[in-house]
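[1] can't give you the sequence, but here's the structure:
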Ligand SMILES: NC(=O)c1ccc[n+]([C@@H]2O[C@H](COP(=O)([O-])OP(=O)(O)OC[C@H]3O[C@@H](n4cnc5c(N)ncnc54)[C@H](O)[C@@H]3O)[C@@H](O)[C@H]2O)c1
């Protein structure tokens, strides 16, 4: 039986680990070849979370190859448009076409109220989580138009792209901005049968969420909180009694939007949030 994205080529940013890796694997499992882009290193020197590494990307490669699909990898920063464009051009040259863009790379820093946020932190967040998404799509679109087969662009926003949580202002602003990007691209690209949608995950079990800093943020009352301690509080965010979802839960939404099953779906904000929007 043919896969749900059989013969298509997908560009995925932030593909070394976490959700990006899971998207690469899920799309490969359903027949797509992959252009995997990631910085594979620290975004900043004082990063609170361990950065993705070339070894992480090597693992993504092995997993995709396990489904007998081709994968081209590039170590690139989504802030650098020329490098992203070269990466995408090279990937398309090697794999022959481009049908799907998943602009997923992002950072999750925060902690200060918006009026006390320093300019560097603000700018870095906008440069990666908003401008980086724009640059990734900008690099892919000419290939999709030229291919003449339409396509699907999926932008990773967040529950924080539809509502606000305190002390995450730069992230919230950037993720709301991603919705604006999605709507603008959708109205411009519809004439080419290129569809553009956002996914809005709640907490996902990846290094961005499952780390010491997040556990302490959820449980400031405990000295050494663990995942189980965090879960008790995190599940209060949701209607379904869970603290977080798994990367595959987001990948299944991405797969639906990438496949022709959603051929007339564009401009959608698709939440995978365990009911967080209802609270
Ligand atoms: N984990 C969550 O709880 C959660 C919830 C909602 C939305 N999101 C969003 O999902 C997306 C994926 O995050 P994740 O959970 O997989 O986290 P993650 O930290 O595991 O993965 C993010 C990946 O993006 C890459 N990346 C970061 N900055 C980059 C840059 N400048 N250039 C190229 N690559 C870069 C990292 O190297 C890493 O591999 C992000 O946009 C994030 O904001 C995450």
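    Looks like it arrived, so ask away. Everything quoted here is computed from the prediction, not taken from an experiment. Numbering: from 1, shown residues only.
[2] which bits of this protein sit near the ligand?
    13-14, 16-20, 38-39, 43, 52, 77-79, 104-108, 128, 132, 156, 158, 201, 203-204, 206-209 (CB under 6 Å from any ligand atom). Just so you know, the C-beta spots here come from the backbone N, C-alpha and C atoms, and that holds for glycine as well.
[3] OK, contacts around the residue of the stretch 101-250 of the chain found nearest the ligand?
    Going by CB to the nearest ligand atom, the ligand is nearest to residue 106 of the stretch 101-250 of the chain, at 2.4 Å. Each residue near residue 106 by CB atoms under 8 Å, 6 or more residues apart in numbering is listed here: 14, 128-129, 132-133, 156, 208.
[4] Including pLDDT, neighbour count and secondary structure, could those go into a markdown table?
    Formatted as a markdown table, those follow (pLDDT from 0 to 100; neighbours: other CB atoms under 10 Å; DSSP: H, G, I helix; E, B strand; the rest coil):
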| residue | pLDDT | neighbour count | secondary structure |
| --- | --- | --- | --- |
| 14 | 98 | 29 | coil |
| 128 | 98 | 22 | helix |
| 129 | 98 | 27 | helix |
| 132 | 98 | 25 | helix |
| 133 | 99 | 29 | helix |
| 156 | 99 | 26 | strand |
| 208 | 95 | 18 | coil |
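[5] will you turn those residues into TSV that also has distance to residue 190?
    As requested, those are exported to TSV (distance: CB to CB, whole Å):
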residue	distance to residue 190
14	26
128	27
129	25
132	24
133	19
156	21
208	32
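[6] Most widely separated two among those residues?
    Of all pairs drawn from the contacts of residue 106, the greatest distance, 15.8 Å, lies between 133 and 208 (CB to CB).
[7] Give me the secondary structure label for residue 171.
    helix (DSSP: H, G, I helix; E, B strand; the rest coil).
[8] count of residues packed around it?
    22 (other CB atoms under 10 Å).
[9] Just the pLDDT at the closest residue to it other than its chain neighbours, thanks.
    Counting by CB to CB, 6 or more residues apart in numbering, residue 110 is the residue found nearest to residue 171 once chain neighbours are left out, at 5.4 Å. Residue 110 is assigned 82 on the pLDDT scale.
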